[in-house]
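A.B. asks: Sequence first, then the predicted structure, then my questions.
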Amino acid sequence: MGTYFKKYGVRAETSFPVTDELHVSIEPNLQGVLLMLVEIYQQLKIPQEALAILNRLRQMDPDDVVVKLSYVELLTEEYFNHKQYLQQVLQLAEGSENESDVHTGILYYKGKALRGLGLLDAAKETLTLALRRKKDRPDELLMSIQYERALVHEAMGKASEARSDFEKIYAKSPDFEDVAERLGLPKLGAAEETSVLQSFSDSPEEGQPKATHPKSAARYRTTGDFPTGRPPVISWIASILSLLIGVGRIDEASGWVFLGMGLLLLPPLTRKIEESGNFKMTKGVKIGIVILGLILASALTPEPENSIPSKPAQSSSDTSTLHETNKAPATVEAKPEPIPPPALPEGIPELMKEVAIRFSVDVREGKTAYVSGETNLPDSTEFMVSMESKSSGRYMGQSKAEVSGYRFSAGPFSMENGPLPDGVYKIEVLMPIPDTQPESVRTIIGQNGEKLRGKLVKKGHLGVTVEKTGEFFVGADKATATQAEMQSAKAFRKEADEIYQELMKYLKFGKDMEQIRRSRDLEDTRQCGEKMQQYKLPVQELGSRSEKLPNHDPYYTHLKIAAINMTLCVTCSPGLAMDNCKMAEDELQQAKKVRK
């Protein structure tokens, strides 16, 4: 979906809970989808799958603080009684400063991990550091940190300091966790609690989430969001997809239908509707909402206009001038003759007949490519010019272009600021959907592109686009370039086959470690550690090699995922290692099936 939105020039994002205390904005790209999958696997109580995806995200960007936050939250909440995982939390949180709310969240879980390891002084110091900055930090997060520090004070035998923290939390939110009970105060009755929660949710401080604690109202794993039954994963997915489509069609009536449908399917809003009255949002009701929404969206989608546009009404500025003339005489000055627009390039028809695009590629000295072209689309039309290797997949590049005087240009295209390798390349010049174009362009082509005609015009789910494709080569001649392209494709395939064989070998090693991995004998533990160190670097090297493979072939994609799983397959983590061995084996089986 991210590639689809990027291709058509749509920027869409949604807010998603990466932990119980913090929401982040994600886009419909690979990283955003994987992050959503992590949260869904946590809902379904499959932390091993969530860990595997987080490992992949870490491989893609080791410095992504949102991924680090999701990782430490998962390890702390799901494996709090396993010291090796808490030690991993400290490694991930190393060097984190209190720079943003995400960093504050990382410090919170670091402090919690330190308490789990019995390092109470360090835990107190970390949590106190996290509480020093309160501006722009969610109240829920700050109260969770203060609650954790109170637990640390209790473990240190400092009852008065623990009570001080509990009292401060109670002053902000009397129903937070078990604070009232710890202070020896009566717990709110059901009716009182409902009243307090209602008043709190009706007038929250702007930008602040509702005050709860992960242990009592975990967003996906305990009570709170999912009172009974299976977590509404499908509702989340349907809601987010509807909202993203609605954003893509925000200028159309159908876009507002999708936005409304997405909001109605959003689990938190669904619960609000159910709590506000005796109405149950059953599965049948939700299906009915989807069907009705699709019917309305279809009915409200405008048909292409075939009639000649009516004469435009007189502008407000013209009317204003007439009124001024009635009030008092004015001297009429001669207007300068307008400058005629540039003539259409030879061989290019009028726009109302059909859309025309033609282009050429100039490969200059140093083997960098420049694209120049002509079109009958209006000035300021924005193009996305894409270039990629025809068969090897070793190169892919994009550049934006803007029409001026019926002409456009893009480039330079190069390979990491160096020469393009010899080979045959595909090129595409694409006008994204009208919603992404300036108003001056939409006035001419139609708000939804309904005035565009011709074989280059494509109608898709997101709207009308214009596409023109072609080929060119880099090299002495096309035959030489084609040969170079074939050799490159063969080289990648040979490298992929070697990676496949190596991964199969280490898969066997990882499985063979299971007996000593689960043994409690010290000698077996020592041997397991030695084998893990022995296999660690070669497997990491396989991961680096697989990442250099192109992305266009599913065979290569399965190998990349298998290499990520293999990094945990050859560890000494009971359960987690074998889970990743199984996932790596599944990916290798799929790779073998799709290999052409």
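C.D. replies: Cool, the structure landed. Computed from a prediction, not measured in an experiment: that's the story for all the values here.

A.B. asks: Packing partners of whichever strand or helix holds residue 543?
C.D. replies: Under the criterion of DSSP states H and E, residue 543 resides in helix 522-547. Under the contact definition 3 or more Cβ pairs under 8 Å, 6 or more residues apart in numbering; DSSP states H and E, helix 522-547 sits against helix 478-512, helix 514-518, helix 554-569. For every residue, glycine as well, the C-beta is placed using N, CA and C.

A.B. asks: residues of the last one that come out buried?
C.D. replies: By neighbour count on 16 or more other Cβ atoms under 10 Å, the buried set for helix 554-569 is 555-569.

A.B. asks: for those residues, which one is nearest residue 510?
C.D. replies: Nearest to residue 510 among the buried residues of helix 554-569: residue 569, at 3.7 Å, using Cβ to Cβ.

A.B. asks: mind checking how far that closest one is from residue 454?
C.D. replies: According to Cβ to Cβ, to the nearest Å, residue 569 stands 54 Å off from residue 454.

A.B. asks: Mind listing residues that contact whichever strand in the chain runs longest?
C.D. replies: Counting residues, the longest strand found in the chain (DSSP state E) is strand 464-474. With Cβ atoms under 8 Å, 6 or more residues apart in numbering as the test, strand 464-474 has contacts from 8, 355, 357-359, 361, 363, 367, 369, 377, 390, 420-434, 448-450, 452, 456-458, 481-482.

A.B. asks: quick revisit: adding distance to residue 373 and mean pLDDT, write the helices and strands packed on helix 522-547 out as JSON lines.
C.D. replies: Output for these, formatted as JSON lines (distance: least, Cβ to Cβ, whole Å; pLDDT from 0 to 100):
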{"stretch": "helix 478-512", "distance to residue 373": "21", "mean pLDDT": "90"}
{"stretch": "helix 514-518", "distance to residue 373": "60", "mean pLDDT": "89"}
{"stretch": "helix 554-569", "distance to residue 373": "32", "mean pLDDT": "90"}
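
A.B. asks: Tell me which of those lies nearest to residue 55.
C.D. replies: helix 554-569 (5.7 Å).

A.B. asks: where are the low-confidence patches of the stretch 1-150 of the chain?
C.D. replies: Applying pLDDT under 70 to the stretch 1-150 of the chain flags residues 1-33, 37, 40-41, 43-44.

A.B. asks: which residues of it fall in helices?
C.D. replies: For the stretch 1-150 of the chain, applying DSSP state H, counting those that start in this stretch gives helices covering 2-7, 30-43, 47-60, 65-78, 83-92, 101-116, 120-131, 139-155.

A.B. asks: chain center to the last one: distance?
C.D. replies: The offset between the C-alpha centroid of helix 139-155 and the centroid of the whole chain comes to 31 Å, using Cα atoms, centre = their mean, to the nearest Å.

A.B. asks: any idea which of the helices and strands packed on helix 522-547 is most buried?
C.D. replies: Highest mean neighbour count among the helices and strands packed on helix 522-547 (mean count of other Cβ atoms under 10 Å): helix 554-569, with a mean of 24.

A.B. asks: tell me the angle the helix or strand immediately after that helix in the chain makes with helix 47-60.
C.D. replies: Of the helices and strands lying after helix 554-569 in sequence (DSSP H and E), the nearest is helix 576-594. With axes from the mean of the first three to the mean of the last three Cα atoms, to 10 degrees defining the directions, helix 576-594 sits at 70 degrees from helix 47-60.

A.B. asks: Let me see the mean pLDDT of helix 576-594.
C.D. replies: For helix 576-594, mean pLDDT is 91.

A.B. asks: Just want the angle from that helix to helix 522-547.
C.D. replies: 30 degrees.

A.B. asks: Pull out the buried residues from helix 576-594.
C.D. replies: 576-581, 583-585, 587-588, 590-591.

A.B. asks: what's the answer for stretch 424-432, then?
C.D. replies: For stretch 424-432, by 16+ other Cβ under 10 Å, it's 424-425, 427-432.

A.B. asks: Pipe those into TSV and attach distance to residue 538, secondary structure and pLDDT per row.
C.D. replies: Below are these laid out as TSV (distance: Cβ to Cβ, whole Å; DSSP: H, G, I helix; E, B strand; the rest coil; pLDDT from 0 to 100):
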residue	distance to residue 538	secondary structure	pLDDT
424	35	strand	89
425	35	strand	91
427	40	strand	93
428	40	strand	93
429	45	strand	95
430	43	strand	95
431	48	strand	95
432	44	coil	93
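
A.B. asks: Strands of the stretch 101-250 of the chain, residue ranges please.
C.D. replies: Assigned by DSSP state E, counting those that start in this stretch, the stretch 101-250 of the chain shows no strands.

A.B. asks: Touching, residue 506 and residue 536? I think so.
C.D. replies: No - counting by Cβ atoms under 8 Å, residue 506 stays clear of residue 536, with 10.3 Å between them.

A.B. asks: list residues touching both of the two?
C.D. replies: By Cβ under 8 Å, 6+ apart, the residues touching both residue 506 and residue 536 are residue 570.

A.B. asks: Look up how far residue 493 lies from residue 180.
C.D. replies: 66 Å.
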